[in-house]
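S.K.: Prediction below, plus the sequence it came from.
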Amino acid sequence: MNYLSWNQHAITDFSPKAVNEMYEKGYVFTRLGRGVMQQTRSVRVDLSKFALSSENRRILKKVPNVSLQSTKVPIVDYSYPLGKLAKDFYDTKFGPGIMSAQKIKEMLTDPSKSNFNCLLKFAPADRSTTHGYTICYENESLLHYSYPFYDLKESSKDMGLGMMIRAIEWAKAEGKKFVYLGSLQRPSDTYKLQFEGLEWFDGGPNGTGAWKTDFEEAKKILSKPTL
């Protein structure tokens, strides 16, 4: 699974202001190494304009009683089953070799190599078990919802989208300005266009670009056989 990127840059200033400026230019944190960011067709939700749509509500009914808990990264209770859950998820959804248990461990436990500082856990209201996780970057202004995974056998088929909606709701309640949802690069990514307040970054090799809200233009780009 190749990731769409036009430019790559390694930052050394990790202050929220510096990071926010990079995200504003279409860059997002990656798992390639500490400070490594790539400019992509980033997609984000302007939370000042977000409200649940009827379709969002329909999805949430498919994942009832799922609550969200935020945990700071690095975590102290990492165990191999967590990494295996992620590996099995990515093997099944995207093919072998996309994600390793070791990389998950690195992102969750080694701040010298990881850009991510937040783990979202999705569980039933009684918290008897945890069905899903998302590895994220967050600061006061933004949440980058970046590496989700969940138990494919035990979860609803709508779990992935339900987790995303819950995270957007949580970020808005926390007073953040934006939720970043990765990139638009494949036809299957059109599901990200359903959110109120959504914008996508139209950049390019020269590093310039603008945030757009024309969903029909985005759909035409995604329908092309090559990026």
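M.R.: Structure's in. What do you need? Because the structure is predicted, anything quoted here is derived from the model rather than measured.

S.K.: Backbone torsions only: list them for G160.
M.R.: phi -60, psi -50 (degrees, to the nearest 10).

S.K.: Model confidence for it, exactly?
M.R.: Here the pLDDT value assigned to G160 is 92.

S.K.: just the one 10 residues further on next, same as before
M.R.: Among the per-residue scores, W170 holds a pLDDT of 97.

S.K.: Now it: closest residue in space that isn't a chain neighbour?
M.R.: Nearest residue to W170, sequence neighbours excluded (Cβ to Cβ, 6 or more residues apart in numbering): L68, at 5.1 Å. For glycine as for every other residue, the C-beta is placed from the backbone atoms N, C-alpha and C.

S.K.: Hmm, C118 and the one you found touching each other?
M.R.: No. Taking contacts as Cβ atoms under 8 Å, L68 lies outside contact range of C118: 11.3 Å.

S.K.: shared neighbours of these two, anything?
M.R.: Counting by Cβ atoms under 8 Å, 6 or more residues apart in numbering, L68 and C118 have no contacts in common.

S.K.: where does this structure dip in pLDDT?
M.R.: 1, 125-130, 204-207, 225-227 (pLDDT under 70).

S.K.: Try it again at 50.
M.R.: Residue ranges of the chain with pLDDT under 50: 227.

S.K.: longest single strand anywhere in it?
M.R.: For the chain, the strand with the greatest residue count under DSSP state E is strand 142-150.

S.K.: Parallel or antiparallel, list what pairs with that one.
M.R.: strand 132-138 (antiparallel), strand 178-183 (parallel) (DSSP bridges).

S.K.: picking that back up, secondary structure class for the residue nearest to W170?
M.R.: Per DSSP: H, G, I helix; E, B strand; the rest coil, the secondary structure class of L68 is strand.

S.K.: same deal with S112?
M.R.: Applying three-state DSSP: S112 is coil.

S.K.: Repeat that for the one 10 residues further on.
M.R.: Three-state secondary structure (criterion: three-state DSSP) places F122 in strand.

S.K.: Quick check: it touching R166?
M.R.: Yes. At 6.6 Å, F122 counts as touching R166 under the criterion of Cβ under 8 Å.

S.K.: follow-up on the earlier one: what's in contact with the longest strand of the chain?
M.R.: Applying Cβ under 8 Å, 6+ apart, the set of residues contacting strand 142-150 is 20, 23, 28-29, 31, 44, 85-86, 89-90, 99, 104, 107, 116, 118, 120, 122, 131-138, 159-160, 163-164, 167-168, 171, 174, 176-182.

S.K.: Show me which positions of it end up buried.
M.R.: Within strand 142-150, the residues that qualify as buried are 142-150, counting by 16 or more other Cβ atoms under 10 Å.

S.K.: any idea which of those residues is closest to K61?
M.R.: K61 has its nearest neighbour among the buried residues of strand 142-150 in Y150, at 17.8 Å by Cβ to Cβ.
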